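Chemist: The following comprises the amino acid sequence and a computationally predicted model.
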Amino acid sequence: MSYIEERSIPEPNTGCWLWLNALSKSGYGAAYRNNKWIGAHVRSYEDYIGPTNGLYVLHSCDVKSCVNPDHLFLGTTQDNMDDMVEK
């Protein structure tokens, strides 16, 4: 079982993997990598899909604590702002 799977639980109705460990003040999961804290969704994307190359990791499900790699995609700053306004 992976770092992400050990620290999340599947939500059967939405398919989200809900982060069970620490959350940031804004509600995003917090994960540890290379001696620093990063977003758990970022760690999930990197672990399952690959490098982010400086882009944001966005949620298609709009659930901040979701770490399901199938619900994550990369976007620019503008994509992130557009996604926020749209939702």
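Modeler: That came through fine. Residues are numbered from 1 along each chain as shown.
Chemist: CA only for contacts and neighbour counts going forward, please
Modeler: Fine.
Chemist: tell me how far the helix or strand bottoming out on mean pLDDT in the chain is from the chain's mean position?
Modeler: Lowest by mean pLDDT, DSSP states H and E among the helices and strands of the chain is helix 77-86, with a mean of 88. How far helix 77-86 lies from its chain's middle: 16 Å, per CA atoms, centre = their mean, to the nearest Å.
Chemist: how about L18, what does it touch?
Modeler: 8-11, 65-68 (CA atoms under 8 Å, 6 or more residues apart in numbering).
Chemist: one step back: show me what the least confident helix or strand of the chain is packed against.
Modeler: Applying 3 or more CA pairs under 8 Å, 6 or more residues apart in numbering; DSSP states H and E, we find helix 77-86 packed against strand 56-59.
Chemist: Relative to whichever helix or strand comes after the strand it packs on, what are the paired strands and their orientations?
Modeler: Next along the chain after strand 56-59, taking DSSP states H and E as the criterion, comes strand 72-75. When pairing is defined by DSSP bridges, strand 72-75 lines up against strand 56-59 (antiparallel).
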